[in-house]
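Undergrad: I would like to see how this sequence folds:
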Amino acid sequence: MIIFFDLETTGLDKSTAEIVEIYAKVYEPDSTSPREFHKFALPSYGKPVENAYFHGYSREVLHLKYAISQKECLKEFKKWIDQQMESLVGNEECFLVGYNSFRYDFIILHNLCNYYGIQFETNKLRFSDVYYVLKHSSYKKMFNNLQLRTVYEDLYQHIPDNEYHHADFDTLILSQIYEYFKNLKKVAIIIADTYNCPNIFDINDELNMCSIDTLNFEEFSSLQY
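TA: Numbers count the residues shown, from 1 in each chain. The predicted structure follows:
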């Protein structure tokens, strides 16, 4: 199972940032009833929302969106993840996949969960990062840079109408990047079969190899970029 997710936060400092928006969605491209999680969170009292310049979620806007507390938002997110994992069968695992999340989203998630005493069940939960996969593959040469918007626009030759830096839209973009490489794998299989050469890219294998099985700040920090 793959769950794509994204956070929007109060600031860029990973050690002090808090969440203002979480969006997550199970990757089921043919489903007519998507399984998704979408919540807004209020920063702590007196905490400035410096990133409002990017995402537009000022404290006033968050009140209008019925934002809940940091702790309640994290508890509900954990509960939702646990519910999705109940459908796993046998040795199947759940991959929580972000973009540049090893250096940012997962660290913030780790810090806040530690602070509020919330612990994810990591027995079958793994964490992966499409940015990290691309960074360590030959496919990075396809792009002018590895910013999320650049990767998407270089792949699809399309500038979307929606604004980036909204967790739900950025997650959609991420899933479409994944879909592109899944389709590329299908082409690679045909080429490999036709010309008797190795399959050059399997994004599922790459996500697996580049994943870790604990939400641990030290492990993310030690990854070589």
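Undergrad: can you map out the helices along the chain?
TA: 52-55, 59-64, 70-85, 105-116, 130-135, 148-156, 167-195, 203-209, 217-221 (DSSP state H).
Undergrad: gap between the fifth one and the chain center?
TA: Distance, stretch centre to chain centre, for helix 130-135: 12 Å (Cα atoms, centre = their mean, to the nearest Å).
Undergrad: could you do the second one as well?
TA: On the basis of Cα atoms, centre = their mean, the separation between the geometric centre of helix 59-64 and that of its chain is 24 Å.
Undergrad: tell me the centre residue of the protein?
TA: residue 98 (1.9 Å; Cα atoms, centre = their mean).
Undergrad: bridge partners for that residue, pull those for me.
TA: In this entry, residue 98 is beta-bridged to residue 129, by DSSP bridges.
Undergrad: which ones are touching residue 160?
TA: 152, 169, 173 (Cβ atoms under 8 Å, 6 or more residues apart in numbering). Backbone N, C-alpha and C define where each C-beta goes, glycine included.
Undergrad: measure the nearest residue to the second one once chain neighbours are set aside to residue 118 for me?
TA: So that's residue 169. Nearest residue to residue 169, sequence neighbours excluded (Cβ to Cβ, 6 or more residues apart in numbering): residue 162, at 4.7 Å. Residue 162 sits 31 Å away from residue 118 when distances are taken as Cβ to Cβ, to the nearest Å.
Undergrad: tell me which of those two has more neighbours.
TA: The residue with more neighbours, out of residue 162 and residue 118, is residue 118; 14 against 10, by other Cβ atoms under 10 Å.
Undergrad: wait, the more buried one touches residue 76, no?
TA: No: counting by Cβ atoms under 8 Å, residue 76 is not a contact partner of residue 118; they are 10.4 Å apart.
Undergrad: which ones are touching residue 19?
TA: 7, 8, 9, 10, 41, 70, 73, 74, 108, 112.
Undergrad: same question for residue 121.
TA: Shown in contact with residue 121 (Cβ under 8 Å, 6+ apart): 82, 85.
Undergrad: residue 177 reaches residue 153, doesn't it?
TA: No: at 10.5 Å, residue 177 does not count as touching residue 153 under the criterion of Cβ under 8 Å.
Undergrad: compare these two (neighbour count), which wins?
TA: Each of residue 177 and residue 153 has its neighbours counted (other Cβ under 10 Å); residue 177 has more, 22 against 16.
Undergrad: which residues touch residue 95?
TA: The neighbours of residue 95, taking Cβ under 8 Å, 6+ apart as the test, are 1, 2, 3, 126, 127, 128, 207, 208, 211.
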